[in-house]
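Student: Got a predicted structure plus its sequence, pasted below:
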Amino acid sequence: MSETRDVIIVGGGHNGLVAAFYLAKAGFKPLVLERRAHVGGAAITEEFHPGFRCSTLAHNAGPLRADIVRDMQLEKHGLKFTTPDVNTVSLTPDGRALILYSDTKKAAQEIAQWSQKDAASYSDFGAALGKIGKVIGEALLLTPPNIDSPDRGDLWGMLKTGRSIRRLGKKDMYRVLRWGPMAAADLVAEFFDTEPLRATIAARGIFGTFLGPWSAGSALVLMLRAAGDPSPAGSVQFPAGGAGAITQAMAAAAKQVGAEIRTGAEIAEIRVKDGVATGVVLASGEEIAARAVVSNADPKRTLMRLVDPAHLTPDFVQKIKNYRCTGTVAKINLALSALPEFTALNAKGNGNLLRGRIQISPEIDYLERAFDESKYGNFSRSPYIEITIPSLSDPSLAPAGEHVMSVYMQYAPYKLKDGNWDSQREMLGEAVVKTISQYAPNFPQTILSGQIITPKDLEETYGLTGGHIFHGELALDQFFTMRPLLDWARYQTPVERLYLCGNGTHPGTGLTGGSGANAAREIAKTLRK
Amino acid sequence: MIKNGRASGVVLANGDEIYADVVSSSVDPRLTYTRMIEPGNLPDDFLEGVNRYKFRGSSGKVNMALDGLPNFKCMPGVGAHLRGAMSISPSVEYMEKAYDEAKYGHWSSHPYIDMVIPTLTDTSLAPPGKHILSCFVQYAPYKLAPGLDWDTEKEKFGDNVVNTIAEYAPNIKDIILHRQVVTPLDLEREWGLSEGNIFQGELSLEQLFFLRPVAGWAQFRSPIKNLYMCGSATHPGGGIMGAPGRLAALEILKDGGA
């Protein structure tokens, strides 16, 4: 057995790397152990067809928290974002397209073609999201307070958040309180009449969740995603080189401040002795002792598989079993010989409009019906789809003149009623191609090759339990002081010196780095004691 | 009747005027603020809140006069099981599917039904040997899909309830003497419940506690002096419990009764 390491980080996803960076900066010597051949977790770029590379899973940053980008000097480490002029093109079955430009004024002009009233509301909505999102953003920076016996820091944090909410003024304060538990469908209806606009914005409240636009709490998901990103439909940023470029830059930053990273190092077990984590055992049999273990894996994988549950109380095991963590998103990556020609965009010049996000979310009921199917264990035959064509912003991702298309498809429930994902994988791909070709008839002829990633693949290949892209459902009962569990929302676990730093901890809203940074702060504090 | 921003009494439909120091409304905010008060007496942001308040009634009622007792397949014969509540809610999925239909403006083809036979505990409600079956039925959305209306759907809705019960108690059709169907539209027209919501407004988190009925106006008072709210549309909300009435009375007394 080798020497005792300082801190081992299980998994080199973005949060693991962010945690490694901040822990190294705080004077610790973190060792990141990644199972796969390269770091990145769900933020990776891989070749899926000769000459075609694509963001395998996540295709859009959260966006990353600005202070993390700054602290890690990610731009210096090679990260470069392109923000397309067109944010979102939302297609409708009657052959129209609602175009949302990244620039709010330009977006309003376009919306005015659908409704003058909505054009005015669009900037109001953006402004309200900006104000409210800023306050929520402050709460996302906090370590959730200890409810039983809040310490001085907890009280100060709560006081500060409370004052920020009050400072919003009466109207926006009531909005924060009222909107949270609402259905996203109701929230957007308070601002807009245009159905595709309503649905396109409400889609932000359901993305990656087991919620439909009429589900209570979907408005909170929308608000959380708006914290730091008040663009109504959500911003679009393409890193040159795909999502993998984000985590490559993070890895470089972490290494520069002294973190060590080992790939191809699968962890078989987190060793626990007398209730204290003492290190890890690799699949190869190698044992590495450590002062502390930080897991970037999801809570279920960490506590039910990597740790022997015998070290946990039955009560805790029961609770972690009840942690809801079954995914709803499938990912399809396609190599294309040419750009699809969307009927609605032909007259307007197809190419430039395709640089942002292309959404199939024409109406609230369309999204809700897609959700309905998944409740009973079927994937949506008319799914909610979000497409990006990153090769338009970064031509190096595909051979000259050819393209890659990255597609999020929802809903693809982890648990199928009939059959399994191995037998339904191709049918899912067909349903997506069929849906898109209703809007772009030439689309099927342009497909050279495809990669279909189902929730089962997300679990087996990428280690996301239940195929949940957020390491656990984003729901009112699994947020903040309850993420992942009530009493265990402060990055600690019942096993001493075992910590969590992934998306299954607060704030856990996607590719922001927030969980990793918050966890590192808390872990450094405890380890110093 | 409002004078100088103060409630001074009420005018009845027959023209009678009754003056009072305090007016407390037990009806819902839509009726109170947009039907019983002249426009112009309320601030815009308050009215915005009232207009945003969601009703969306989702239940209907079917009352039947019976010539005997229903005979349930799962528990044949007469027994104590008929004296309590009987529920047709066989699975969570059954309930959810019933809800799905309502989301798109259709009444549930396989509804959730909550039934009681009050005549088994109070024989005075029906002639000897006869019974009453009271059925609470969900979902019956107030707003039906385009092309449908409750006056045409009413009896079809009632038939469907009987057919559903008949799957569990086949003799039901033979013992019905009379049937009364109450739709959400009837609840609105006959009983003054806007959009047929039996709780005077949805019991959703954003319409409860300090947000019921309107954020900033949850303490039973209104922007009009001496006008109070005391119905189910105030905290703690719907159900026959009397709590809103009591809490409102306490607030009125606190204000000195006038």
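Tutor: Received it, and whenever you're ready, just let me know what you need.

Student: From here on, just use CA atoms for contacts and neighbour counts.
Tutor: Noted.

Student: Quick one: name the residues of the stretch 51-200 of chain A near chain B.
Tutor: A:174, A:177-182, A:190 (CA under 8 Å from any CA of the partner chain).

Student: Buried subset of those, written for ChimeraX?
Tutor: A single ChimeraX command selects the buried members of those (16 or more other CA atoms under 10 Å in any protein chain shown):
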select /A:174,177,178,179,180,181,182
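
Student: Which ones among the residues of the stretch 51-200 of chain A next to chain B lie within helices?
Tutor: In this view, these that belong to helices under DSSP state H are A:174, A:177-179.

Student: any idea which element whatever residue of the stretch 1-150 of chain A ends up closest to chain B lies in?
Tutor: As assessed by CA to the nearest CA, chain B sits closest to A:Ser121 within the stretch 1-150 of chain A, at 15.3 Å. Taking DSSP states H and E as the definition, A:Ser121 sits inside helix A:116-141.

Student: would TSV of the ones in helices among the residues of the stretch 51-200 of chain A next to chain B with pLDDT be doable?
Tutor: Shown next, in TSV, are those (pLDDT from 0 to 100):
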residue	pLDDT
A:Tyr174	88
A:Leu177	87
A:Arg178	91
A:Trp179	92
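
Student: B:His235: which of these is nearest?
Tutor: Using CA to CA, A:Arg178 is the member of those that lies nearest B:His235, at 15.1 Å.

Student: Might you report the residue contacts of the closest residue in space to the closest one that isn't next to it in sequence?
Tutor: Nearest residue to A:Arg178, sequence neighbours excluded (CA to CA, 6 or more residues apart in numbering or on different chains): B:Glu206, at 4.8 Å. For B:Glu206, the contact set (CA atoms under 8 Å, 6 or more residues apart in numbering or on different chains) comprises A:177-182, B:212.

Student: Same check on A:Ser295?
Tutor: Counted by CA under 8 Å, 6+ apart, A:Ser295 has contacts A:9-11, A:16, A:302, A:498-502.

Student: now with 10 Å?
Tutor: Counting by CA atoms under 10 Å, 6 or more residues apart in numbering or on different chains, A:Ser295 touches A:8-12, A:15-16, A:19, A:32-33, A:270, A:301-303, A:306, A:491, A:498-502.

Student: Can you report how many residues lie near A:Arg425?
Tutor: Applying other CA atoms under 10 Å in any protein chain shown, we find 18 residues neighbouring A:Arg425.

Student: Which pLDDT does the model give it?
Tutor: Here, the pLDDT recorded for A:Arg425 equals 97.

Student: Surely it touches A:Ile452?
Tutor: Yes: taking CA atoms under 10 Å as the definition, A:Arg425 is a contact partner of A:Ile452 at 6.8 Å.

Student: got any residues that touch both of the two?
Tutor: Shared contacts of A:Arg425 and A:Ile452, defined by CA under 10 Å, 6+ apart, are found at A:Ala330.

Student: hmm, back to that, the residue of the stretch 1-150 of chain A closest to chain B - nearest residue in space that isn't next to it in sequence?
Tutor: Distance criterion CA to CA, 6+ apart; nearest residue to A:Ser121, sequence neighbours excluded, is A:Phe191 at 5.8 Å.

Student: burial measure for that neighbour, as a count.
Tutor: Residues near A:Phe191, counting by other CA under 10 Å, number 17.

Student: For it, which residues are in contact?
Tutor: If you count contacts by CA under 10 Å, 6+ apart, A:Phe191 has them with A:117-122, A:124-125, A:198.

Student: Over to A:Arg425?
Tutor: Contacts here follow CA under 10 Å, 6+ apart; on that basis A:Arg425 touches A:330, A:451-457.

Student: Mind checking which of those are in helices?
Tutor: Using DSSP H, these in helices are A:455-457.

Student: Closest one to chain B out of these, please.
Tutor: Of all these, A:Pro455 has the smallest distance to chain B: 22.4 Å, by CA to the nearest CA.
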